[in-house]
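> need a structure here:
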Amino acid sequence: MFEHVLSNLATAQGCMERIEDNRPVSDVVAKGTAIGKAIRLIGQLNGTLDMERGGEIAASLRALYVYILARLTLANATNDAQIVAEASKLVREVKIGWDQIVTDER
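Next comes the predicted model:
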């Protein structure tokens, strides 16, 4: 799921960098679609957290996901590619942590 989030954020960031004065319209639409998909996926990740058993880690992830969701909403409204880059960096860090857990279990 993290790969899909990162892919959509990369698409949105690329579109944002090409958009000037809401043109070309195709990039504005593609940006909105990609950000929307990323937001839904992060929402799904947030929804899967087991707050009862996850303790402090789940609480920290929830706070991070809520922060990322707020930042992506702002990025979409302001067409700010730097905010998307920040969100991508945060998602990548979480993904690296999960990847390490999977590797350690093998």
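> what about the strands in this structure?
Using DSSP state E, no strands are assigned anywhere in the chain.
> shaky segments in it?
106 (pLDDT under 70).
> mind listing the helices for it?
Assigned by DSSP state H, the chain shows helices spanning 2-18, 25-47, 51-78, 81-105.
> looking at those, which one is packed in the most?
Highest mean neighbour count of the helices of the chain: helix 2-18, a mean of 19 (counted as mean count of other CB atoms under 10 Å). To be clear about C-beta, it is placed using only N, CA and C from the backbone, and glycine gets the same treatment.
> tell me the spacing between the residue nearest to Leu74 when sequence neighbours are not counted and Arg23.
Once flanking residues are discounted, Leu74 sits nearest to Ile83: 6.0 Å by CB to CB, 6 or more residues apart in numbering. Counting by CB to CB, to the nearest Å, the separation of Ile83 from Arg23 is 21 Å.
> then Ile101?
Ile101 sits 44 Å away from Arg23, going by CB to CB.
> find the nearest non-adjacent residue to Cys15, please.
In space, Cys15 is closest to Lys31, 3.7 Å off (CB to CB, 6+ apart).
> oops, could you answer that again for Phe2 instead?
In space, Phe2 is closest to Lys95, 3.8 Å off (CB to CB, 6+ apart).
> was I right to think that neighbour contacts His4?
No: between Lys95 and His4 there is no contact under CB atoms under 8 Å: 10.8 Å.
> tally of neighbours for Glu20?
As a burial measure, Glu20 scores 9 neighbours (other CB atoms under 10 Å).
> give me the beta-bridge partners of it?
For Glu20, the beta-bridge partners are Arg23 (DSSP bridges).
> ok, now how distant is it from Asn79?
9 Å.
> anything in contact with each of these two?
Common contacts of Glu20 and Asn79 (CB atoms under 8 Å, 6 or more residues apart in numbering): none found.
> pull the residues that contact stretch 54-64.
Identification of contacts with stretch 54-64 by CB under 8 Å, 6+ apart yields Leu45, Asn46, Leu49, Asp50, Met51, Leu90, Val94.
> much appreciated, bye for now.
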